[in-house]
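A.B. asks: Sequence first, then the predicted structure:
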Amino acid sequence: MMKSKLIVLALCAIASLAQAAAAATTTEVTYCDKKTEYDVKVQGVEISPNPVARGRTATFSISASTGLAISGGKLVIDVSYFGWHIHSETHDLCSETSCPVSTGDFVVAHSQVLPGYTPPGSYSLKMKMYDGDKRELTCIGFNFDIGFASSVAES
């Protein structure tokens, strides 16, 4: 009996350490067109938590820089699941970062709760950023995972 309690305690400790280590990690980003010189350069994407937990808030923070002042625009996001397009959404750029965006570094951050019934697995996201004149400023893609365990029961 004591041995099984120690095993459970050790497993809980390992799970806590793994969860803390995976709380936020930087994800590799690729440009949609490697030959295009985009006006907005993306340094990386931080996803928290990573993997994303169903039923909990997930935050995607995109670190970028620009040589242009950007007064407004929009973000167009397309999500695929195992290669199949499953979701699109459009956001006002100024609701995801402070506008106007000055030249230099800035962060675009978006948070949302994924429903508890969201299938676990590997997803890919493509994001295009447009200015107020509908000119494409950047286009990036990255992958992320949604965990197999639902966090709804933990709330």
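C.D. replies: On my side now, so go ahead.
A.B. asks: Which residues are in contact with the residue nearest to the spatial centre of the chain?
C.D. replies: The geometric centre of the chain, computed from its C-alpha atoms, lies nearest to residue 60 (C-alpha atoms, centre = their mean), at 3.1 Å. Residues near residue 60 by C-beta atoms under 8 Å, 6 or more residues apart in numbering: 45, 46, 47, 109, 110, 111, 125, 144. No exception for glycine: its C-beta is placed from N, CA and C like everyone else's.
A.B. asks: number of nearby residues for the third one?
C.D. replies: It refers to residue 47. Using other C-beta atoms under 10 Å, residue 47 is surrounded by 22 other residues.
A.B. asks: any idea which element it lies in?
C.D. replies: strand 40-48 (DSSP states H and E).
A.B. asks: Kindly report the same for the fourth one.
C.D. replies: Using DSSP H and E, the secondary-structure element containing residue 109 is strand 104-113.
A.B. asks: Tell me the first helix or strand C-terminal of that strand.
C.D. replies: strand 121-131.
A.B. asks: The helix or strand that that following strand is followed by vs strand 104-113, what angle?
C.D. replies: Toward the C-terminal end, the helix or strand that comes next after strand 121-131 (DSSP H and E) is strand 136-146. Strand 136-146 and strand 104-113 are oriented at 40 degrees to each other (axes from the mean of the first three to the mean of the last three C-alpha atoms, to 10 degrees).
A.B. asks: Point to the helix or strand of the protein where mean pLDDT is at its lowest.
C.D. replies: In the chain, no helix or strand scores lower on mean pLDDT, DSSP states H and E than helix 2-21, which sits at a mean of 37.
A.B. asks: before we move on, the earlier item: just checking: what are the partner strands of the helix or strand hosting the residue nearest to the centre of the chain?
C.D. replies: Assigned by DSSP H and E, residue 60 belongs to strand 57-66. The pairing partners recorded for strand 57-66 under DSSP bridges are strand 40-48 (antiparallel), strand 104-113 (antiparallel).
A.B. asks: Which among these is found nearest to residue 74?
C.D. replies: Residue 74 lies closest, by C-beta to C-beta, to one member of the strands paired with strand 57-66: strand 104-113, at 11.4 Å.
A.B. asks: Give me the angle between the closest one and strand 121-131.
C.D. replies: 130 degrees.
A.B. asks: Buried residues in strand 104-113, which are they?
C.D. replies: Judged by neighbour count (16 or more other C-beta atoms under 10 Å), strand 104-113 contains these buried residues: 106, 108, 110.
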